[in-house]
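Engineer: Give me a 3D structure for the following:
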Amino acid sequence: MLAETICSAVAAAGLGIAALTAYRKRFLAATRIAAYSLVPLGLVMTGVVQWASGIVFKPTVWIGFGVLGLAWLLFITTRAVERRGLGAGEKPAKEPKATGKGRGAGAQAVAPAASAPSLGGGSRPQAPPAASAPGEDFSDIEAILKKHGI
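Structural biologist: Model prediction:
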């Protein structure tokens, strides 16, 4: 009963403010204020306010929300345990062999070689790839890669 009275008072005050705004020749703002002020009145008339106040003041409803939260928490926990493969009484998933695919690949994974781009449609002969100098040392590059765990 109190919620319905408050919503009706808010609607009446909003319509009054909308009328003052329209008197100042700001019709677009006045229409928007009137729309916002009619929302609480519409909620009272449809019974939504009574339904919501009935839910808020019943302890069984809050216990029900608690049970739903507990069920959700248990569901999420079992999903997390299942993904990590730590389920009690279950055999752990076998790791795939290091063939360059899957989890076990780790350091054995190698990026595929990139092909040379075709720019002219084959009209020009392609130059052979430049051979690396025999004395080049890649130890500094290897050290950087190892430092970053690559």
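Engineer: only C-alpha atoms for contact and neighbour calcs from this point on.
Structural biologist: Noted.
Engineer: so where's the chain uncertain?
Structural biologist: Residues of the chain that meet the criterion pLDDT under 70 lie in 86-135.
Engineer: Which stretches in it count as helices?
Structural biologist: For the chain, applying DSSP state H gives helices covering 2-23, 27-46, 48-56, 59-84, 139-147.
Engineer: Same list (the ones you listed) but as a markdown table, adding mean neighbour count.
Structural biologist: Supplementary listing: these in a markdown table, determined by neighbours: other CA atoms under 10 Å:
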| stretch | mean neighbour count |
| --- | --- |
| helix 2-23 | 16 |
| helix 27-46 | 16 |
| helix 48-56 | 13 |
| helix 59-84 | 12 |
| helix 139-147 | 10 |
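Engineer: which residues sit in contact with Leu68?
Structural biologist: Residues touching Leu68, when contacts are defined by CA atoms under 8 Å, 6 or more residues apart in numbering, are absent altogether.
Engineer: Compute the distance between the residue nearest to Leu43 when sequence neighbours are not counted and Ala34, please.
Structural biologist: In space, and not counting its chain neighbours, Leu43 is closest to Val49: 6.0 Å by CA to CA, 6 or more residues apart in numbering. For Val49, the distance to Ala34 equals 20 Å [CA to CA, to the nearest Å].
Engineer: Please apply the same query to Ala12.
Structural biologist: With distances taken as CA to CA, Ala12 is found 10 Å from Ala34.
Engineer: Check Leu43 too.
Structural biologist: Counting by CA to CA, the gap between Leu43 and Ala34 amounts to 15 Å.
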